[in-house]
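Novice: Requesting a structural model of the entry that follows:
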Amino acid sequence: MYLGSLELEQFRSYRRLQLPFDERGCRLSGANASGKSTILEAIMLLATTRSVRSSIERDLINWQSGIDLNVPPFARVRGEVHRLSGRVMVEIALQADPDRDGAVKKRIRLGRRVVRAMDAVGALRAVLFSPEDVALVTGSPSGRRRYLDMTISQLDGGYMRALSRYNRVLAQRNGLLKILGKERGSARNASAQAQLGYWDQELVALGAIVMARRDQIIRLLGRLASQKYVQLTEENELTIRYLPTFPVSDRPGGEVDLTSSQAMVAREFEAQLESGRDEELRRGVSLIGPHRDDFGLEVAGIDLATFGSRGQQRLAVVALKLAETLLMTEIGGESPVLLLDDVLSELDATHRSTVTSVAATVGAQLIVTATDGELLHRADLAELPQLHVADGTVVPIVVAH
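Specialist: Below is the predicted model:
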């Protein structure tokens, strides 16, 4: 899989941009705030239908757009995706809603069809590393859950649908718990049992799908990330541990059979809800389930979030992203687009060489950026066209031979 071209219209600082891509990828250089990261953000938007830089979609729109046409401000991102099954155009259009202050209407197209977001995710698969991704080690569990969900969703539409339904059921159940809690309901109250019964069944059925799949993917990611970390550092192996609210497997390692794993998770989930019913009613919120999941990274048994150096944390995330790239290739049958945003600037010379060497061998279309173009003059990247980004324009750099 590779991205053949990218079109931006009124997207952040870009008024209009038509950018063809070489099948192998490219090198992008330019000063800070020149628009390099915006290009990568647009690619990830096509892959996941969400911005990786802002949770507020109106931030993506150039608010001076639409004036000449007398229409509300808008933005559009369009990409030509080449897959083994053929070529597909993916388009996401955003427009300010004049009837709702600050709201944005989103329309997504695959080819000529208007589709839902969950049906578009995975049409283009992409993996992004940016300096901010060190937060996958040091940041909040919600950020790690979000990363894991978007990784799996690009590969498995069924997972995304189950997760979406789980979140809706969770909201309904939390609302009921708050009401019953105010009424001082208890776990032995017949009315509380009857009302919660339905939502418990739904929560367990959907939660088991989500947690079993997360367990499986984290095991696979862990195996691949450990290999890549050794390549990057020649040090101890990296370990990734799934940290759910209750045990989801009786096997400490190895492959996971999803059917048996889901059944085991469902049984344990149901038991945990039963034993924790009084506390949930007292607090008015669901305390058990995948919405409280986490995962942790360790090197030689040492927790990287607490004791790892900044360099170890950064290289661990690079290893994780390279593992994600390989995982998408293994499960999805074709490689994703690999985006490395300013990954080289904070590494020493030895690790720069190692990172570019390893990244060049994963078989993915590679798009790598740097503020200093000299950092991109590396033997492992020499075949990639080099482009310069400045003030909303992208121009090729002609290298004299």
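
Novice: ok, which stretches of the stretch 51-200 of the chain are helices?
Specialist: 117-120, 135-138, 141-155, 157-182, 190-233 (DSSP state H, counting those that start in this stretch).

Novice: Could you dump those helices into JSON lines with mean pLDDT and mean neighbour count added?
Specialist: Every C-beta, even on glycine, is put in place using the N, C-alpha and C of the backbone. Output for these, formatted as JSON lines (pLDDT from 0 to 100; neighbours: other CB atoms under 10 Å):
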{"stretch": "helix 117-120", "mean pLDDT": "93", "mean neighbour count": "17"}
{"stretch": "helix 135-138", "mean pLDDT": "96", "mean neighbour count": "18"}
{"stretch": "helix 141-155", "mean pLDDT": "96", "mean neighbour count": "19"}
{"stretch": "helix 157-182", "mean pLDDT": "93", "mean neighbour count": "17"}
{"stretch": "helix 190-233", "mean pLDDT": "92", "mean neighbour count": "20"}
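
Novice: Using CSV, lay out the ones you listed together with distance to residue 338.
Specialist: Below are these laid out as CSV (distance: least, CB to CB, whole Å):
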stretch, distance to residue 338
helix 117-120, 20
helix 135-138, 16
helix 141-155, 13
helix 157-182, 22
helix 190-233, 12
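
Novice: And the ones you listed: which comes nearest residue 100?
Specialist: Of all the helices of the stretch 51-200 of the chain, it is helix 117-120 that lies closest to residue 100, at 18.8 Å by CB to CB.

Novice: and that closest one, how far from the chain's centre?
Specialist: Distance of helix 117-120 from the chain centroid (CA atoms, centre = their mean, to the nearest Å) equals 14 Å.

Novice: which other helices and strands contact that helix?
Specialist: Applying 3 or more CB pairs under 8 Å, 6 or more residues apart in numbering; DSSP states H and E, we find helix 117-120 packed against strand 104-110, helix 157-182.

Novice: Export these as CSV, with columns for distance to residue 236.
Specialist: Shown next, in CSV, are the helices and strands packed on helix 117-120 (distance: least, CB to CB, whole Å):
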stretch, distance to residue 236
strand 104-110, 44
helix 157-182, 32
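
Novice: where exactly do the strands run in the stretch 251-400 of the chain?
Specialist: Using DSSP state E, counting those that start in this stretch, the strands found in the stretch 251-400 of the chain span residues 294-299, 302-303, 337-341, 365-370, 386-390, 393-396.

Novice: and residue 21, which of the ones you listed is closest to it?
Specialist: Taking CB to CB, strand 365-370 is the member of the strands of the stretch 251-400 of the chain nearest to residue 21, at 7.2 Å.

Novice: circling back to that earlier point, please convert the strands of the stretch 251-400 of the chain to TSV, extending it with mean pLDDT.
Specialist: Converted to TSV, the strands of the stretch 251-400 of the chain look like this (pLDDT from 0 to 100):
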stretch	mean pLDDT
strand 294-299	96
strand 302-303	92
strand 337-341	96
strand 365-370	96
strand 386-390	95
strand 393-396	91
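
Novice: Dump the ones you listed into TSV; add mean neighbour count and distance to residue 116 as well.
Specialist: What follows is those, written out as TSV (neighbours: other CB atoms under 10 Å; distance: least, CB to CB, whole Å):
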stretch	mean neighbour count	distance to residue 116
strand 294-299	20	28
strand 302-303	13	39
strand 337-341	26	23
strand 365-370	25	27
strand 386-390	18	33
strand 393-396	14	32
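
Novice: just so I know, which of the helices of the stretch 51-200 of the chain lies nearest residue 55?
Specialist: Closest among these, using CB to CB: helix 141-155, at 9.9 Å.

Novice: Give me the contacts around that closest one.
Specialist: By CB atoms under 8 Å, 6 or more residues apart in numbering, the residues outside helix 141-155 that reach it are 47-48, 50, 118, 121-122, 125-126, 135-136, 159-160, 163, 213-214, 217-218, 221, 290-295, 324, 327-328, 331-332, 336.

Novice: Of all the helices of the stretch 51-200 of the chain, which one comes closest to residue 305?
Specialist: Taking CB to CB, helix 135-138 is the member of those nearest to residue 305, at 5.3 Å.

Novice: For that closest one, name the packing helices and strands.
Specialist: Against helix 135-138 (3+ CB pairs under 8 Å, 6+ apart) you get helix 141-155, helix 304-307, helix 310-332.

Novice: Could you rerun that using 10 Å?
Specialist: In terms of contacts (3 or more CB pairs under 10 Å, 6 or more residues apart in numbering; DSSP states H and E), helix 135-138 is packed against helix 141-155, strand 294-299, helix 304-307, helix 310-332.
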